[in-house]
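Asker: structure for the following, please:
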Amino acid sequence: MGCSVLVLTIIASTLGGLVFGYELGIISGALPQLQAQFHLGCVQQEAMVSALLIGSLSASVIGGWLIDRHGRRTSILLSNLLILGGTIILTTSISFLALVVGRAIIGFAMSISSMSCCIFVSEMVAPERRGLMVTLYEVGITVGILLAYAANYVLSGVQAGWRYMFGLAIIPSLMQLVSIRFLPQTTGTSEGLVTENDSQQSDRLAGEMSNQHPTEQVKYSVFDLFKTKDNMLRRTAIGLGLVLSQQFTGQPNVLFYASTILFSVGFQSNASAVLASVGLGIVKVIATLLAMICSDKVGRRSLLIGGCTVLAIGLILTGFLCRQSVIDTTKQCTSLEPHSNLTSPAENQENMGNILVNQSTPSTGRETHDSNISSHSEDMYKWIIFICMMTVVSAFSVSFGPMTWLVLSEIFPKEVRGRAYSFINCFNVGANLIVTFSFLSITDVIGLSGIFFVYGVIGMAAVVFIYHNMVKV
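Answerer: Predicted coordinates for the structure are as follows:
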């Protein structure tokens, strides 16, 4: 493969990840403005966030067939056009329904794009460089999230700033649309794109060598994913275990509700909460770059086990600290119901701050002194919690973030790779949908402390699963 084609492949894949990350992160800052303008209750806020995932789940059902039948390049081009259409709907929306439809269209496109880009790159590069190249997609995602958080901060005080937040996604989408047109088409049966070592590496990841000769062409159907032949069932189990662990450790909520979570733990203004989320984005980019460098040297399994262990510890510690905090973290949902008289983001944040502080500050004869102590304690806890969240984001970015999709791009034969990706992505998005749609409601019942404890326990279980089911690679 020529150098120019390689460069264009890297650019197209990274831009695809950038768009994906931007769409994931932008709702964090847009949600407070949307809540104020459209008077959204908790269920409506969750629906706004989850619409992206509903569209993505729909794409997962047919995406594998589309990718294997019409090729990776065509699928990416289609996703670009859909993202442009969805963005136009969002930026011109005048109703809650239009917002949900626009987000769902973009979610559909993002799912097609993510599957296509990872498979496309894995088939265009040699196995010894695959870890680096596929991880570039995750780098694009983290940069996109960072740019989204930065846009949230810059536009947080702008009237109807959410329209500009959504509209900025057009720029990288157009750039990818142009770059992908100069790349060759690939399909699941393209010759010369995947070497014989690819099959051998797939078998090693699954736990033992395939009985099939490397050069022998085998026809697979989606039903073969559930058969013991060539360890397909075990490969499928590993893929499902990784994506379910990835979602049920709560990372989607850290992305989607970053500003909301940070506000709940003490960042008592929209601007400060969004700015703190920018810090999370920066840490995520740095950690992903580290994973990109180490993926081919340290190994997928080692990064998954190490990162997931740190992730679980960080989640449990965050839950403990939220429990010790004097801030009431269970009122985030009920205080933002549409019956509230709050009419602007600024008023929302100011009144919310008063509610949270008043609910947790005792009234005594030493009111001023106790208030100073309480304020100092709140400041200390919020920054410690913020550091823990940075640790969680970093650990995810060197483990589940890039490694899950890298492993999935390697463990399945190329003839069925698109459909396998699609099948597993259905569970990935379905789990994401459950975790995201229930977050505010569950937090209102058990608080941030309880939900972070649950995520941490699941993280520990994921470490055990990875240790026993993945061989060292």
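
Asker: not counting sequence-adjacent ones, nearest residue to residue 98?
Answerer: residue 89 (6.1 Å; Cβ to Cβ, 6 or more residues apart in numbering). Yep, even glycine has a C-beta here, placed from its N, CA and C like the rest.

Asker: also residue 77?
Answerer: That would be residue 180: by Cβ to Cβ, 6+ apart, it lies 6.0 Å from residue 77.

Asker: buried ones in the helix or strand harbouring the residue nearest to residue 98, by neighbour count?
Answerer: For residue 89, the element it lies in under DSSP states H and E is helix 72-91. For helix 72-91, burial by neighbour count (16 or more other Cβ atoms under 10 Å) applies to 72-80, 82-84, 86-87, 89-91.

Asker: then stretch 429-440?
Answerer: For stretch 429-440, using 16+ other Cβ under 10 Å, the buried residues are 429, 430, 431, 432, 433, 435, 436, 437, 439, 440.

Asker: pLDDT of the helix or strand where the last one lies, averaged?
Answerer: So the one you mean is residue 440. For residue 440, the host element (DSSP H and E) is helix 439-469. Across helix 439-469, pLDDT averages out at 88.

Asker: hmm, residue 245 and residue 428 touching each other?
Answerer: No: Residue 428 is beyond contact range of residue 245, at 10.5 Å (criterion: Cβ atoms under 8 Å).

Asker: comparing the two, which residue is more hemmed in?
Answerer: residue 428 (27 against 23; other Cβ atoms under 10 Å).

Asker: on that earlier part again, what packs against the helix or strand that the helix holding residue 89 is followed by?
Answerer: Elements were assigned by DSSP H and E; along the chain past helix 72-91, the next helix or strand is helix 96-124. Packing partners of helix 96-124 (3 or more Cβ pairs under 8 Å, 6 or more residues apart in numbering; DSSP states H and E): helix 3-38, helix 42-70, helix 72-91, helix 127-155, helix 400-411, helix 417-437.

Asker: I'd like those helices laid out as JSON lines, including distance to residue 471.
Answerer: Shown next, in JSON lines, are the helices and strands packed on helix 96-124 (distance: least, Cβ to Cβ, whole Å):
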{"stretch": "helix 3-38", "distance to residue 471": "27"}
{"stretch": "helix 42-70", "distance to residue 471": "26"}
{"stretch": "helix 72-91", "distance to residue 471": "28"}
{"stretch": "helix 127-155", "distance to residue 471": "16"}
{"stretch": "helix 400-411", "distance to residue 471": "11"}
{"stretch": "helix 417-437", "distance to residue 471": "19"}
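
Asker: check the ones you listed for me and report the most buried one.
Answerer: Of all the helices and strands packed on helix 96-124, helix 400-411 has the most neighbours on average by mean count of other Cβ atoms under 10 Å, namely a mean of 26.

Asker: and the angle from that one to helix 96-124?
Answerer: Going by axes from the mean of the first three to the mean of the last three Cα atoms, to 10 degrees, helix 400-411 is angled at 50 degrees with respect to helix 96-124.

Asker: and whichever helix or strand residue 302 is part of, what does it pack against?
Answerer: Residue 302 belongs to helix 300-324 when assigned by DSSP H and E. Contacting helix 300-324 under the criterion 3+ Cβ pairs under 8 Å, 6+ apart are the following elements: helix 270-298, helix 367-398, helix 400-411, helix 439-469.

Asker: if you count neighbours, what's buried in that helix?
Answerer: 300-305, 307-322.

Asker: what about that helix, distance to the chain center?
Answerer: For helix 300-324, the gap between its own C-alpha mean and the chain's C-alpha mean amounts to 17 Å (Cα atoms, centre = their mean, to the nearest Å).

Asker: what of stretch 172-184?
Answerer: Per Cα atoms, centre = their mean, the centroid offset for stretch 172-184 relative to its chain is 23 Å.

Asker: likewise stretch 423-430?
Answerer: With Cα atoms, centre = their mean, you get 13 Å for stretch 423-430.

Asker: next one: stretch 387-406
Answerer: 10 Å.

Asker: please save the CA atoms from that stretch in CSV.
Answerer: Extracted C-alpha coordinates of stretch 387-406, given in CSV (Å, rounded to 0.1, in the frame of the first residue of the first chain):
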residue,chain,number,x,y,z
ILE,A,387,-9.3,13.6,40.3
CYS,A,388,-10.9,10.2,40.8
MET,A,389,-13.1,10.8,37.7
MET,A,390,-9.9,11.8,35.8
THR,A,391,-8.4,8.5,36.9
VAL,A,392,-11.5,6.6,35.8
VAL,A,393,-11.5,8.3,32.4
SER,A,394,-7.8,7.6,31.9
ALA,A,395,-8.1,3.9,32.9
PHE,A,396,-11.0,3.5,30.4
SER,A,397,-9.0,5.2,27.7
VAL,A,398,-6.1,2.8,27.9
SER,A,399,-8.2,-0.3,28.3
PHE,A,400,-11.9,-0.7,27.1
GLY,A,401,-11.8,2.4,25.0
PRO,A,402,-9.4,1.3,22.2
MET,A,403,-8.7,-2.3,23.1
THR,A,404,-12.2,-3.6,22.8
TRP,A,405,-12.6,-2.6,19.2
LEU,A,406,-9.0,-3.6,18.4
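
Asker: residue contacts, residue 434?
Answerer: Residues counted as contacts of residue 434 (Cβ atoms under 8 Å, 6 or more residues apart in numbering) are residue 247.

Asker: got it, and residue 318?
Answerer: 385, 388, 389, 392, 448, 452, 456.

Asker: nearest to residue 155, out of those residues: which one, please.
Answerer: Checking the contacts of residue 318 against residue 155 with Cβ to Cβ, the nearest one is residue 389 at 22.8 Å.

Asker: what pLDDT does the residue nearest to residue 98 get?
Answerer: With respect to pLDDT, residue 89 has a value of 94.

Asker: repeat that for residue 182.
Answerer: We have a pLDDT of 76 for residue 182.

Asker: burial count for residue 226?
Answerer: 11.

Asker: sorry, that was for residue 294
Answerer: Neighbour number of residue 294 under other Cβ under 10 Å is 16.

Asker: tell me the pLDDT of it.
Answerer: The model's pLDDT for residue 294 equals 80.

Asker: and the one 10 residues further on, by the same measure?
Answerer: The pLDDT attached to residue 304 in the predicted structure is 92.

Asker: do you know how far it is from residue 261?
Answerer: Note on residue 304: its distance to residue 261, by Cβ to Cβ, to the nearest Å, is 25 Å.

Asker: check the gap between residue 45 and residue 138 for me.
Answerer: Distance from residue 45 to residue 138, by Cβ to Cβ: 27 Å.

Asker: hmm, I was thinking of residue 323
Answerer: The spacing between residue 323 and residue 138, counted by Cβ to Cβ, is 32 Å.

Asker: next: residue 5.
Answerer: 22 Å.

Asker: again, but for residue 239
Answerer: 17 Å.

Asker: contacts only, for residue 26.
Answerer: By Cβ under 8 Å, 6+ apart, the contact list for residue 26 reads 148, 151, 152, 165, 166, 168, 169.

Asker: in terms of pLDDT, where does the second one sit?
Answerer: Put plainly, it is residue 151. The model reports residue 151 with a pLDDT of 90.

Asker: what's the helix or strand for the nearest residue to it once chain neighbours are set aside?
Answerer: With sequence-adjacent residues excluded and distances taken as Cβ to Cβ, 6+ apart, residue 151 is closest to residue 165, at 5.4 Å. Assessed by DSSP H and E, residue 165 sits inside helix 161-167.
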